[in-house]
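Q: Okay, predicted coordinates and the sequence, questions at the end:
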Amino acid sequence: RKLSIPTISTGNILRAAMKNGTPVGLKAKEYVESGRLVPDDVIIGIVEERLAEPDCAGGYILDGMPRTIPQAEALEARGIDIDCALSIEIADETIVERMSGRRTCPNCGATYHVVSAPPKTEGRCDNCGAELTIRKDDAPETVKARLEVYHRETEPLKAFYAARGKLKSVNNQPTIEATTAEIAKTLGIEL
């Protein structure tokens, strides 16, 4: 928001498709719930459609894309240029702890964390009062399976973008605000 460009989250695009029961959404659901990555052809098509929308004309942030070298190569082949790839370095144990504590409102999409950002009333959304849920892909076993996939399929992207002079890395900080400040500093952005 502070940069006045949209953040394109493949996760949000896929969750919307799954919630709406679209053919792509149903296909993606099988993969997501088992901790596997959604196939490249599905992701690339959804992202390409989204980037063609007018609000992306002045730039955008891709969140969760590309996740594999074939996805990165497909973006390049379609003329979708990435200025910078950002890697936030964080221990696997910290990821499992953070994700398994996440709670989401099924009505308005608000996100909470049982430790770092709890709702005012336990288990209830501050915005609309709905009962908070735990996403199936936030279960510790699923998070661990996703991390295995990350190390095998996504981590090689660091070398891919480093070879192109586009990789920037930041160390995870204790709070979202501190991590955001570190990212801004690394990218030379004033917030």
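A: The structure has been received and is ready for your questions.
Q: Report the separation between the residue nearest the centre of the chain and residue 15.
A: When C-alpha atoms, centre = their mean is applied to the chain, the residue found nearest the centroid is residue 64 (3.9 Å). Distance, residue 64 to residue 15, using C-beta to C-beta, to the nearest Å: 11 Å. Every C-beta, even on glycine, is put in place using the N, C-alpha and C of the backbone.
Q: same deal with residue 85?
A: 23 Å.
Q: how deep is residue 148 tucked in, by neighbour count?
A: 11 (other C-beta atoms under 10 Å).
Q: what helix or strand does it sit in?
A: In the assignment (DSSP states H and E), residue 148 maps to helix 140-149.
Q: what separates the helix or strand just after that helix from the chain centre, distance-wise?
A: Note on helix 140-149: by DSSP H and E, the next helix or strand toward the C-terminus is helix 157-163. Distance of helix 157-163 from the chain centroid (C-alpha atoms, centre = their mean, to the nearest Å) equals 19 Å.
Q: who does the helix or strand just after helix 157-163 touch, helix- and strand-wise?
A: As assigned by DSSP H and E, the chain's next helix or strand after helix 157-163 is strand 167-171. Applying 3 or more C-beta pairs under 8 Å, 6 or more residues apart in numbering; DSSP states H and E, we find strand 167-171 packed against strand 85-89, helix 157-163, helix 176-187.
Q: for strand 167-171, which positions count as buried?
A: Buried positions in strand 167-171, judged by neighbour count with 16 or more other C-beta atoms under 10 Å: 167, 170.
Q: and the residue nearest to residue 111 when sequence neighbours are not counted, what is it in contact with?
A: Using C-beta to C-beta, 6 or more residues apart in numbering and skipping the chain neighbours, the partner closest in space to residue 111 is residue 104 (5.4 Å). The contact partners of residue 104, by C-beta atoms under 8 Å, 6 or more residues apart in numbering, come to 110, 111, 112, 132, 133, 134, 135.
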